[in-house]
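**Student:** kindly return the folded structure for what I paste below:
(2 chains)
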Amino acid sequence: MEHAPPAATAAAIPPFERFYAAHAPEVYRLLARRLGAQAAEDAFQETFLRALRAYPALRHGDHLRAWALTIASRVAVDALRRPVAGALPDPDDLPGELVALDEEPAYRQVAHLTAGLPPTERAAVVLRYAYDLSYDAIGLALGSSPDAARQATSAGVRRLRRSAAPKENA
Amino acid sequence: MTHAAPSLALDLLPPGLDERFRERAAADGLLDAAWAVADSPLGPLLLAATGRGLAWVGFEAPRAGSGPVADASPDEQLERVAEWLGRRLLRVPRLLDPAQRELAAYFEGRLHAFAVTVDLAGSPAFQRAVLEELRSVPYGVTATYGDLAARIGKPKAARAVGGALNRNPVAIVVPCHRIVGAHGALTGYAGGLERKRALLELEGALLA
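**Tutor:** Predicted coordinates for the structure are as follows:
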């Protein structure tokens, strides 16, 4: 007892099992809200794998809930950023693949990421990536030609690339 | 059969997600140990294995009477396992299946020598020497603290041997129950004297 650390009120670090069981449901709910149910499962595993790697470095057991939710938030941000941070595929090269990888979450990613685009470009990018429409169909939806639809999509993607680039190391 | 500690919170996750995470954590080598609870005639046993072998077999609590053991939460014992092996513990019953099968066969009287690999790396050198020597005391045979002290070349260390046995992390498999007092008296046992008697009776080392 005489060797008790000064911060005697700091909570002890529980076995990981107890930490995990206490926070898993809330972490899952947060991830499901942000990423959709399917992507949330991968993100859930990633969150607790990161927590496991960091666990030996913890100095006390205070604020473990906030710690868990912070890791989950970072994982969610990474998951949302991933398609842009690497390179948003050129619409001519990878038609529809973004959508095929991850159905509903991909739509949400596109919708979230395209929020800053001018309306026509945004509509073109969302229709192309989220709904996998052909340029013919996009042109019809926008009341323009297939070429104009292609140009609007490309312009939107270029604009997204420029706005995404500085965030890569954020 | 190892039984799962029920957790409503974890049952609220999508089906299979909890198990997948546990298996992934173990496969990625991120655990200090995997643990599980196994039923036994002497009450629930908490088992834990590191990547090197079985490192913990412990009774939930010393049993006072002959009545059923209370459905004790393994939390308290898990704390002790964490102090011994490290805090990164997750329940992964599959990894304890080999040890659990051998223990079940032992309690049925079908198995007399455990083949499962034991990890005593968490023990200090003296204790490890005692426990490793102890593993050569065969089924159904008892030895005294003094015998064991002599066998590790420290004939005057009977008392220290007793201390080392009292903190044996791998009960039953490392058979500290086979060590008795100088005149055959049942002396201390971390799991309770009644369990020590029951184990020796099972092995035919004592008349029932």
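**Student:** quick one: the helices in chain A, in order.
**Tutor:** A:16-35, A:37-54, A:64-85, A:97-101, A:103-113, A:119-125, A:135-142, A:146-164 (DSSP state H).
**Student:** now do chain B
**Tutor:** So, for chain B - with DSSP H - the helices run B:8-11, B:17-27, B:75-85, B:93-107, B:125-134, B:145-151, B:158-166, B:193-202.
**Student:** which of those helices has the lowest average pLDDT?
**Tutor:** Note on the helices of chain B: lowest mean pLDDT is at helix B:8-11, with a mean of 76.
**Student:** buried residues, it. List them.
**Tutor:** The neighbour-count check on helix B:8-11 (16 or more other CB atoms under 10 Å in any protein chain shown) flags B:Leu10 as buried. C-betas here are computed from N, CA, C, even on glycine.
**Student:** ok, what's across the strand from the residue nearest the centre of chain B?
**Tutor:** For chain B, B:Val57 is the residue whose C-alpha lies nearest the centre (CA atoms, centre = their mean; 1.8 Å). Here B:Val57 sits in beta bridges with B:Leu47, B:Val170, as judged by DSSP bridges.
**Student:** check it and give its pLDDT.
**Tutor:** For B:Val57, pLDDT reads 96.
**Student:** from what I can see it touches B:Leu45, true?
**Tutor:** Yes - when contacts are counted by CB atoms under 8 Å, B:Val57 is listed as touching B:Leu45 (5.8 Å).
**Student:** so what sits against both of those two?
**Tutor:** B:Leu103, B:Ala171, B:Ile172 (CB atoms under 8 Å, 6 or more residues apart in numbering or on different chains).
**Student:** just give me the closest of these to chain A.
**Tutor:** B:Ala171 (19.6 Å; CB to the nearest CB).
**Student:** residues touching the closest residue to the closest one other than its chain neighbours, list them.
**Tutor:** In space, B:Ala171 comes closest to B:Val57 once its chain neighbours are excluded; the distance is 4.7 Å by CB to CB, 6 or more residues apart in numbering or on different chains. For B:Val57, the contact set (CB under 8 Å, 6+ apart) comprises B:Leu45, B:Leu46, B:Leu47, B:Ala99, B:Leu103, B:Pro169, B:Val170, B:Ala171, B:Ile172, B:Val173.
**Student:** can you count the residues close to the fourth one?
**Tutor:** When you say that, I think you mean B:Ala99. B:Ala99 is flanked by 28 other residues according to other CB atoms under 10 Å in any protein chain shown.
**Student:** domains in chain B, by residue range?
**Tutor:** By the assignment in automatic domain parsing, chain B contains the domains B:2-107, B:125-202.
**Student:** brain fart, chain A
**Tutor:** Split by automatic domain parsing, chain A gives A:16-84, A:87-167.
**Student:** what residues does chain A put near chain B?
**Tutor:** Neighbours of chain B within chain A, by CB under 8 Å from any CB of the partner chain: A:13-18, A:20-22, A:24-25, A:28, A:37, A:41, A:44-45, A:48-49, A:52-53, A:55-56.
**Student:** repeat that for 7 Å
**Tutor:** Residues of chain A lying close to chain B (CB under 7 Å from any CB of the partner chain) are A:13, A:15-17, A:20-21, A:24-25, A:28, A:41, A:44-45, A:48-49, A:52-53, A:55.
**Student:** make a ChimeraX selection of the buried ones in the residues you listed.
**Tutor:** Selection of buried members from those for ChimeraX, criterion 16+ other CB under 10 Å:
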select /A:13,15,16,17,20,21,24,25,28,41,44,45,48,49,52,55
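**Student:** need the contact list for the spatially closest residue to A:Asp136 that is not a sequence neighbour.
**Tutor:** In this structure, A:Asp136 finds its nearest non-sequential neighbour in A:Pro146, 4.9 Å apart by CB to CB, 6+ apart. Listed by CB atoms under 7 Å, 6 or more residues apart in numbering or on different chains, the contact set of A:Pro146 reads A:Tyr135, A:Asp136, A:Gly139.
**Student:** go again with 8 Å.
**Tutor:** A:Pro146 touches A:Ser134, A:Tyr135, A:Asp136, A:Ile138, A:Gly139, counting by CB under 8 Å, 6+ apart.
**Student:** and the second one, how close does it get to B:Ile152?
**Tutor:** Separation of A:Tyr135 from B:Ile152 (CB to CB, to the nearest Å) stands at 82 Å.
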